[in-house]
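Q: Curious how this folds, go ahead:
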Amino acid sequence: MVKNPSIKPSTSVGSILIRMGCMDAQQVDRAREAHSKQSAMRLGEVMVSMGLISAAQLDDALAYQERMRSGDAAGVMVELIEKRTTKMMHAAA
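A: Just a heads-up that it's a prediction; the model follows:
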C-alpha cells in the first residue's frame with residue numbers, strides 16, 4: 001500500500017497518545033466521553049485525572065502536537081522514542 005504524502009497524521013492529543021503507545025482507542029473514547037461531561041477541563045487533563053496517562057506523558061504529547069503543527073514532528077518523535085527506550089531499559093535493569 002502506498003501512503004499519500006499529502007495526508008498528514010492527526011494532531012489530536014488522543015491520536016498522538018495512541019501513536020506514542022500510552023493509550024489505546026478504547027481508553028481515548030472513554031476519556032472523550034468523560035470530557036463531554038466535564039467540559040471545563042481539557043481532554044488531556046481528563047485523561048490524567050482518570051489515571052489513564054501521567055502528567056509527563058501529557059506534556060510529551062502536547063510538545064509533539066505543537067511541533068507537528070509547526071512542521072517539526074520528526075524532531076520530537078526522535079526525542080519521544082529516545083525517552084521510551086531509556087525508560088524501558090531502566091525498567092528492565
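Q: wouldn't Thr11 be in contact with Arg67 here?
A: No: applying C-beta atoms under 8 Å, one finds Thr11 not in contact with Arg67, separated by 9.8 Å. Placement of C-beta: from N, CA and C, glycine included.
Q: which SS state does the residue nearest the centre of the chain fall under?
A: Centroid-nearest residue in the chain, with C-alpha atoms, centre = their mean: Leu17, separated by 2.3 Å. Using DSSP: H, G, I helix; E, B strand; the rest coil, the structure places Leu17 in helix.
Q: which one of Thr11 and Arg67 has more residues nearby?
A: Shown here are Thr11 and Arg67; by other C-beta atoms under 10 Å, Arg67 has more neighbours (17 against 14).
Q: does that one belong to a helix or a strand, and which?
A: If you go by DSSP states H and E, Arg67 is part of helix 55-70.
Q: follow-up on the earlier one: doesn't Met47 make contact with the residue nearest to the centre of the chain?
A: Yes: taking contacts as C-beta under 8 Å, Leu17 lies within contact range of Met47: 7.3 Å.
Q: so what sits against both of those two?
A: Residues touching both Leu17 and Met47 (C-beta atoms under 8 Å, 6 or more residues apart in numbering) are 23, 53.
Q: Low-confidence stretches in the chain?
A: Applying pLDDT under 70 to the chain flags residues 1-9, 73, 76-77.
Q: For it, which segments count as strands?
A: Read by DSSP state E, the chain holds no strands at all.
Q: for it, which helix is longest?
A: Assignment by DSSP state H gives helix 73-92 as the longest helix of the chain.
Q: contacting residues around that one?
A: In contact with helix 73-92 (C-beta under 8 Å, 6+ apart) are residues 9, 20-21, 60, 63-64, 67-68.
Q: These, buried ones only, as a ChimeraX selection?
A: In ChimeraX syntax, the buried subset of these is picked out as below (16 or more other C-beta atoms under 10 Å):
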select :20,60,64,67,68
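Q: Distance to Glu79 added to the contacts of helix 73-92, as JSON lines?
A: Output for the contacts of helix 73-92, formatted as JSON lines (distance: C-beta to C-beta, whole Å):
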{"residue": "Pro9", "distance to Glu79": "17"}
{"residue": "Met20", "distance to Glu79": "11"}
{"residue": "Gly21", "distance to Glu79": "15"}
{"residue": "Asp60", "distance to Glu79": "8"}
{"residue": "Ala63", "distance to Glu79": "8"}
{"residue": "Tyr64", "distance to Glu79": "8"}
{"residue": "Arg67", "distance to Glu79": "9"}
{"residue": "Met68", "distance to Glu79": "13"}
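Q: Right, I'll leave it there.
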